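My questions concern the predicted model and sequence given below.
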Amino acid sequence: MYNQLIYFVIALLLFAIQQPGDQSAFSLLETLVLGLGFFLLYGLTCYVAMRRLQNALASGISPSTVMSRYLAMQRKLSILALANLGIEVYLLNIKYYLQKIPLFEQSLTLSGMAGLGLFLAHLGVMWLWSYPIYRRIYQSSMNPGAFLRGNLVFSAAILIPWFLISTISDVLQVLKMPAFLKTDAGQSLLMGMLLIVFALFAPRLVVRLWGCSPLPVTALRTELEGFIEENHFKIGNFMLWPLFQGEMLTAGIIGILPKWRYILVTRSLLGILNDEELKAVVAHEMGHVRRHHMLFYLAFFLCYSILAYAFNDLVLIALLQNPVIFDWVLHSEVANSTLLSAIFSLPMVFLLVIYFRYIFGFFLRNSERQADLYALHVIGHPFTLVSSLQKIAFHSGQTEDLPNWHHYSIRQRIEFLLDAHRHPVLTRKHHKKYYTAVVVFFVLVVGLCTMGFRLESSKMVRHWRAELQLRIVERTISQGYEDHRLYSAYGSLLLEFGQYGKAEPALRKSLETVPEDAGTLNNLAWLYATAPPPYFNPKVALELALMAAAMQPDPTILDTLAEAYYVNGQAEKALDTIRRALLESPKDADHFVRQREKFEAAVKKMEGERGRRGDEGTQ
C-alpha cells in the first residue's frame with residue numbers, strides 16, 4: 001500500500017510539472033505510434049521478467065525465495081512504469097494533445113486522471129503478467145480478471161483523497177471564493193483542510209469501495225467485541241476485508257473518529273488464527289489508535305504540503321539562476337521547455353522519495369513496533385502475537401527475514417517482542433526513542449518552513465526575482481516589442497538595481513505613449529527624489545508625485561510623495577503624507593515606519609532651528 005502511494009504521488013508530480021508548450025515535437029500519429037511502441041516494450045519486459053520467475057519456481061526454488069524475488073520485481077517494474085510515463089510526458093509531450101480536451105488545463109481532476117490513467121495502464125500490464133506467479137505462490141483460486149480488478153479497487157481507495165480534494169478544488173474555482181483562497185497560500189490551506197476532513201469522515205466511503213461487509217455475528221465476533229470493550233476501545237464495526245477475494249493474510253484499522261473507525265480482517269486470516277491470536281492482532285491495531293499514529297500520519301502529509309509550498313518557488317528560482325537554463329525558458333522550442341520541466345521535476349521527485357520512503361519509513365517501522373508493544377501490554381505476554389506472525393509468514397510462503405521498508409521483518413518483530421517481555425525497560429526506551437524522533441521531526445519542519453518563508457522574502461531572493469524579470473524584459477524588448485507597460489516595467493526594474501541612466505529614458509518612453517500612468521509617474525518621481533546627481537531633481541519629483549497621487553493615492557505612491565516633500569524641505573507635509581499611507585496598512589510596514597521616523601526627526605530638527613532663530617531674534 002505505501003509503495004503504491006509513493007508511486008501515485010510521483011506519477012501525479014511528473015505529469016503536473018511538465019509544461020507542454022505551444023507546439024509538439026511529433027505529430028499526433030507519430031506520438032501515438034511511439035507511445036504504443038514504448039508501452040508494448042514495457043509489456044514485453046514485464047512478460048519476460050515474470051516468465052523467468054515462473055521458470056525459477058518450476059525448477060524447485062523455494063516459494064519463499066520466489067516470493068522475495070516476486071515482490072522485488074514488482075517494485076522494479078513499478079519504477080520502470082514511472083520511467084515510461086516520464087518518456088511519454090517529457091519526450092513525446094503527450095500533454096500537448098491532451099490539453100486540447102475541453103477543461104483539461106483548468107481542471108486538476110481531469111488532468112490528474114489523465115496522468116494516473118496512463119500510469120495505471122502500465123501497472124495493469126504488470127499485474128496481468130504477474131498473475132500466474134501470484135496464483136502459484138498463494139495457491140489462489142482467483143481468475144485473472146478478479147486479480148486485476150482487486151488491484152485496481154485497492155489502488156482506487158488509495159486515490160480517493162486526491163480525487164475528492166481535487167474535485168472540490170475544481171468546484172470552488174468555479175464558485176466565487178475569497179481572494180485569499182485563490183492565492184498559493186490559500187490553495188495550500190484549502191488542500192490541508194480538505195485532507196483533514198477526508199481523514200476524519202471518509203473511512204466509511206473507503207470500506208464501501210473495497211466491498212467490506214460486517215463480520216458475521218458469531219461467538220468469535222462476540223468475543224472480539226467483549227475484548228475491545230474491556231479495554232475501553234470504540235469502533236464503528238468489525239469488517240471482513242475482501243482484499244483479493246479475502247486471500248491476503250492481513251488486518252488493518254482505518255479511521256480516526258470512533259464512529260467511522262473500522263477494524264478490517266480478511267477471511268484467510270480468520271481461517272488460520274485462533275481466537276486468542278486474533279485478539280492479539282486486534283490489540284496491535286488498537287495500539288495504532290492509542291499511540292495516535294493515524295493523527296501523526298495525517299500531520300506528516302500536511303507537513304509535506306507546507307514544505308513543498310515553502311520551497312517550490314525557491315527551487316525554480318535557483319534553477320533559473322543558471323544562464324543556460326534561463327535561456328531555455330526564453331525560447332519556445334519544445335525540447336527546451338520539456339528539458340526544463342524534467343530538470344525541475346528531478347529535485348522534487350528526489351525530495352519526495354526521501355521524505356516518504358526514508359523519513360516516513362522510519363516512523364512507520366517504529367509505529368508498528370509501538371503497536372506490537374501495546375499488544376504485549378494489553379495481552380500481558382507476546383506469545384499469541386508471536387504465533388500469529390509465524391503463521392502469517394508460513395501460510396503466505398514468506399521467509400521471516402523478508403525485508404520491508406515500512407515494517408521490520410517478522411523475525412525482527414518477534415525477537416523484539418520476546419526481548420521486551422523479558423526486559424520491560426526496552427518498551428520505555430522505544431517509546432522515548434519514538435516520541436523524541438517525532439518532536440525532532442516537527443522542530444525540523446518548523447525550522448525549515450521558517451527558513452523557506454524567510455528566504456522567500458529575503459533581499460537575496462527578491463534580488464534574484466528582480467534580476468530574472470529584468471532579463472526577461474530586456475530579451476522581450478530586444479525582440480522588437482513596443483508597449484508602454486513593457487518599458488514601464490523595464491524602467492522600474494532598472495531603478496531597483498540603481499541603473500538610473502537606463503531607467504530614466506525607459507520610464508520617459510513609457511510616458512510618451514501613456515502620459516497619465518500613475519505607476520510610471522510614481523517610479524520616475526522616486527528616481528528624481530532618491531537618485532544621486534545628475535539625476536536628482538526634487539522639483540520635478542514633487543510635480544510627478546503629486547500627479548500620481550491625484551490619480552491613485554495608494555500607500556506606495558503616497559510614500560513617494562512623502563519622500564518628494566522631504567527632499568524639497570517640506571518635512572511637515574512629508575510626515576502628514578506618510579501617516580496617511582500608514583493608515584492604509586501597507587504591506588512593507590517596516591519601511592513606512594522608518595520613513596515616518598525619518599520625517600519626524602526632520603520636523604523636530606526644523607522646529608529646533610526655528611526656536612534657536614527666535615531666541616536669537618529676541619536678544
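Good, I have the coordinates.

Show the pLDDT at residue 224.
On pLDDT, residue 224 comes in at 95.

what's near enough to touch it?
For residue 224, the contact set (CB atoms under 8 Å, 6 or more residues apart in numbering) comprises 215, 238, 278-279, 282. In short, each C-beta sits where N, CA and C put it, glycine included.

right, and the helix or strand after the helix or strand where residue 352 lies?
Using DSSP states H and E, residue 352 maps to helix 334-353. For helix 334-353, the succeeding helix or strand toward the C-terminus, using DSSP H and E, is helix 361-379.

quick check: domain ranges of this structure?
Domain ranges of the chain: 1-140, 278-457, 459-515, 536-619, per automatic domain parsing.

Looking at these, spot the one closest to residue 202.
With CB to CB as the measure, domain 278-457 is the member of these nearest residue 202 (11.8 Å).

Tell me the span between the first and last residue of that closest one.
One end of domain 278-457 to the other measures 55 Å (CA to CA, to the nearest Å).

ok, now stretch 212-221?
Stretch 212-221 has its terminal residues 16 Å apart, counting by CA to CA.

contact partners of that stretch?
Residues outside stretch 212-221 that contact it (CB under 8 Å, 6+ apart): 224, 237-242, 262, 264-265, 270, 275, 278.

Restricted to strands, list those.
Mapping the contacts of stretch 212-221 onto strands (DSSP state E) picks out 237-240, 262, 264-265.

For the closest residue to residue 75 other than its chain neighbours, give its distance to residue 281.
Closest residue to residue 75 apart from its sequence neighbours, by CB to CB, 6 or more residues apart in numbering: residue 3 at 6.4 Å. Distance, residue 3 to residue 281, by CB to CB, to the nearest Å: 22 Å.

and what of residue 210?
18 Å.

pLDDT score assigned to the nearest residue to residue 361 once chain neighbours are set aside?
In space, residue 361 comes closest to residue 405 once its chain neighbours are excluded; the distance is 4.6 Å by CB to CB, 6+ apart. Looking at residue 405, its pLDDT reads 76.

Please apply the same query to the one 5 residues further on.
Looking at residue 410, its pLDDT reads 90.

Which residues are in contact with it?
Counting by CB under 8 Å, 6+ apart, residue 410 touches 389-390, 392-393, 398, 400-402.

Checking residue 25 next. Helix, strand or coil?
When classified by DSSP: H, G, I helix; E, B strand; the rest coil, residue 25 comes out as coil.

hang on, it packs against residue 92?
Yes. Using CB atoms under 8 Å, residue 25 is in contact with residue 92, at 7.4 Å.

When these two are compared, which one has more neighbours?
Legend: neighbour count by other CB atoms under 10 Å for residue 25 and residue 92, higher for residue 92 (21 against 16).

ok so, going back, and of the domains of the chain, who's closest to residue 256?
domain 278-457 (5.3 Å).

Any idea how far the closest one is from the middle of the chain?
On the basis of CA atoms, centre = their mean, to the nearest Å, domain 278-457 sits 15 Å off its chain's mean C-alpha point.

correct me, but residue 470 touches residue 497?
Yes. Using CB under 8 Å, residue 470 is in contact with residue 497, at 6.9 Å.

Who has more neighbours out of these two?
A side-by-side neighbour count of residue 470 and residue 497, using other CB under 10 Å, places residue 470 first with 18 against 13.

quick one, phi/psi of that one?
Backbone torsions for residue 470, taken as degrees, to the nearest 10, come to phi -60, psi -40.

Quick one: low-confidence residue ranges for the stretch 51-200 of the chain.
Scanning the stretch 51-200 of the chain with the threshold set as pLDDT under 70 gives 63-64, 176-188.

show me what contacts residue 31?
Neighbours of residue 31 in contact, by CB under 8 Å, 6+ apart: 24, 92-94, 97.

Among those, name the ones in helices.
Among the contacts of residue 31, the members found in helices (DSSP state H) are residue 97.

Nearest to residue 536 among the contacts of residue 31?
The closest of these, once distances to residue 536 are taken by CB to CB, is residue 93, at 53.0 Å.

quick one: that closest one and residue 28 touch, right?
No. The pair residue 93 / residue 28 is not scored as a contact, 11.0 Å apart, by CB under 8 Å.

who's more crowded, these two?
Between residue 93 and residue 28, counted using other CB under 10 Å, the more crowded position is residue 93 (24 against 12).

how about the nearest residue to the more buried one, chain neighbours excluded?
Leaving out its chain neighbours, the residue that sits closest to residue 93 by CB to CB, 6+ apart is residue 24, at 5.1 Å.

Next, count neighbours for that neighbour.
With other CB under 10 Å as criterion, residue 24 counts 17.

so how far is residue 523 from it?
Relative to residue 523, residue 24 is positioned 41 Å away (criterion: CB to CB).

and if you look at residue 464?
21 Å.

Output the contacting helices and strands for the helix or strand hosting residue 557.
Assigned by DSSP H and E, residue 557 belongs to helix 555-567. On a contact count with 3 or more CB pairs under 8 Å, 6 or more residues apart in numbering; DSSP states H and E, helix 555-567 meets helix 518-530, helix 538-551, helix 571-583, helix 589-618.

Identify each buried residue in the last one, please.
Applying a neighbour-count criterion of 16 or more other CB atoms under 10 Å, the buried positions in helix 589-618 are 592, 595-596, 598-599, 602.

Taking helix 555-567 as reference, get the angle to that helix.
Taking axes from the mean of the first three to the mean of the last three CA atoms, to 10 degrees, one finds helix 589-618 and helix 555-567 inclined to each other by 20 degrees.

Rounded mean pLDDT for helix 589-618, please.
Rounded mean pLDDT across helix 589-618 is 79.

what do you get for the second one?
With pLDDT averaged residue by residue, helix 538-551 scores 92.

and that helix, which residues are buried?
For helix 538-551, burial by neighbour count (16+ other CB under 10 Å) applies to 538, 541-542, 544-545, 547-549.
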